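>>> output the structure for:
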Amino acid sequence: MDPELPSSPLLTRLFAESPWTAAFPLLVVAAALAWWGSRSDRVRPILAAAGLVLAAAGILAIAALRTSPGEHAAETVRALVDAAERADIDGLRARFAPDASMHYGSPQAPGDDLDAIMRAAESLRGRRRIESNAITELAIATLGPDRGAVTLGCRTEVASGFGPIPTRWWIEVRRMPDGRWLIDRLAWLRLLNQVPDRGAL
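Next up, the predicted model:
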């Protein structure tokens, strides 16, 4: 069974990663109060509705100004996918921490080091060249102030394949001392609903 992505802390979810979870109910209540106030010629419900609209706007403004570790992780993963689609090996390497590791089936399984990852990535310039790719899942979580995680699902067609192939990945990203967000753990969970073997790349 694939590992489950943990939930981000509540305030991080509400004020950074999923602000509409809090803002949308406030707007619904505001609309109801405004409608009731206008129908009954009462000012207080309309003022309360205006206050709720301002609160919802405040939540969305905070979310727009704050990027959570989970969101940083998603940005890093999107850049990784883009580099893989272009077979940009230097761009791929730039997304990994020097001590990064790659695992198969589980983030806790024995892993390969960065050199092994980059040797495997060379296949993207040959038989595993990506001809088309679609992201089917991109779920994020904040694991701590300097760490985020992503579960990534893709449907990818490669030069030596026979059509789009579904894959699923677990990716952990951490903030480096210089402020960059880099991948330190990459786990290939599924290949056609099977655990991939080492050397699948």
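
>>> any idea how far apart the tips of stretch 79-94 sit?
10 Å (C-alpha to C-alpha, to the nearest Å).

>>> chain center to it, what's the gap?
17 Å (C-alpha atoms, centre = their mean, to the nearest Å).

>>> now it: buried residues?
79, 80, 81, 83, 84, 85, 87, 88, 92 (16 or more other C-beta atoms under 10 Å). C-beta: built from backbone N, CA, C; applies to glycine.

>>> longest strand in this structure, please.
strand 130-144 (DSSP state E).

>>> quick one: which two of the buried residues of stretch 79-94 are the most distant?
Pairwise distances among these were taken by C-beta to C-beta; the largest, 14.4 Å, belongs to 79 and 87.

>>> quickly note the distance from residue 46 to residue 71.
Using C-beta to C-beta, to the nearest Å, residue 46 is found at 36 Å from residue 71.

>>> higher neighbour count, the two?
residue 71 (20 against 17; other C-beta atoms under 10 Å).

>>> which residues touch the more buried one?
16, 17, 140, 148 (C-beta atoms under 8 Å, 6 or more residues apart in numbering).

>>> name the nearest residue to the third one, ignoring sequence neighbours.
It refers to residue 140. residue 70 (3.7 Å; C-beta to C-beta, 6 or more residues apart in numbering).

>>> doesn't residue 148 make contact with the one you found?
Yes: the criterion here is C-beta atoms under 8 Å, and residue 70 meets it with residue 148 at 4.2 Å.

>>> identify the contacts common to these two.
Here residue 70 and residue 148 have 140, 141, 142 as joint contacts, going by C-beta under 8 Å, 6+ apart.

>>> re earlier: now the element after the longest strand of the chain, going C-ward?
strand 147-158 (DSSP states H and E).

>>> what are the buried residues along that next one?
Going by 16+ other C-beta under 10 Å, strand 147-158 has these buried residues: 147, 148, 149, 150, 151, 152, 153, 154, 156, 158.

>>> would you mind giving those residues as TSV with pLDDT and distance to residue 130 added?
Formatted as TSV, the buried residues of strand 147-158 follow (pLDDT from 0 to 100; distance: C-beta to C-beta, whole Å):
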residue	pLDDT	distance to residue 130
147	97	28
148	97	25
149	97	24
150	97	19
151	97	20
152	97	14
153	96	15
154	96	9
156	94	6
158	89	6
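
>>> returning to that earlier point: and the longest strand of the chain, what's buried?
130, 133, 140, 141, 142, 143.

>>> can you list the residues you listed in TSV and add distance to residue 2 and pLDDT?
Below are the buried residues of strand 130-144 laid out as TSV (distance: C-beta to C-beta, whole Å; pLDDT from 0 to 100):
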residue	distance to residue 2	pLDDT
130	23	92
133	20	95
140	16	95
141	14	95
142	20	96
143	17	95
